[in-house]
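**Student:** Sequence first, predicted coordinates after that:
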Amino acid sequence: GYSEVTVQAALPLDDGPFYQRFLGQAIMHKDGKVLVAEGISEYIYPENIYSQKFWPAVKMRLRFANKKPHWVQRFKMFYEWTW
């Protein structure tokens, strides 16, 4: 059968240096039924993640002290397939 999902970013929750976070809804149309779920979604700016100047701003898995960068920083060529 035919399915369609629409994600609506309704309420901005956070606006960081390389992402925006929203509270929103996912609306699914399937087999004549409509299902609605609420959740959090993010929009990522990959070019800012790659920039080391933003890394200290957020403590996350992208880079820990004395460790190599996460694969996202090391392989910029993958951006168009990742985001």
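**Tutor:** Good, I have the coordinates. Numbering: from 1, shown residues only.

**Student:** CA atoms for contacts and neighbours, from now on please.
**Tutor:** Fine.

**Student:** Helices along this structure, start to end?
**Tutor:** For the chain, the helices defined by DSSP state H occupy 46-50, 71-74, 79-82.

**Student:** Would you mind checking the average pLDDT for the last one?
**Tutor:** It refers to helix 79-82. Per-residue pLDDT values across helix 79-82 average out to 53.

**Student:** Now do the residue nearest to residue 30 when sequence neighbours are not counted, the pLDDT please.
**Tutor:** In space, and not counting its chain neighbours, residue 30 is closest to residue 3: 4.6 Å by Cα to Cα, 6 or more residues apart in numbering. Per-residue pLDDT puts residue 3 at 88.

**Student:** now swap in the one 5 residues further on and tell me
**Tutor:** As summarised for this prediction, residue 8 has a pLDDT of 91.

**Student:** repeat for residue 71
**Tutor:** pLDDT at residue 71 comes out at 60.

**Student:** next one: residue 29
**Tutor:** pLDDT, residue 29: 94.

**Student:** Any figure for the gap between the closest residue in space to it that isn't next to it in sequence and residue 23?
**Tutor:** Leaving aside its chain neighbours, residue 29 sits nearest to residue 4 (5.2 Å; criterion: Cα to Cα, 6+ apart). According to Cα to Cα, to the nearest Å, residue 4 and residue 23 sit 20 Å apart.
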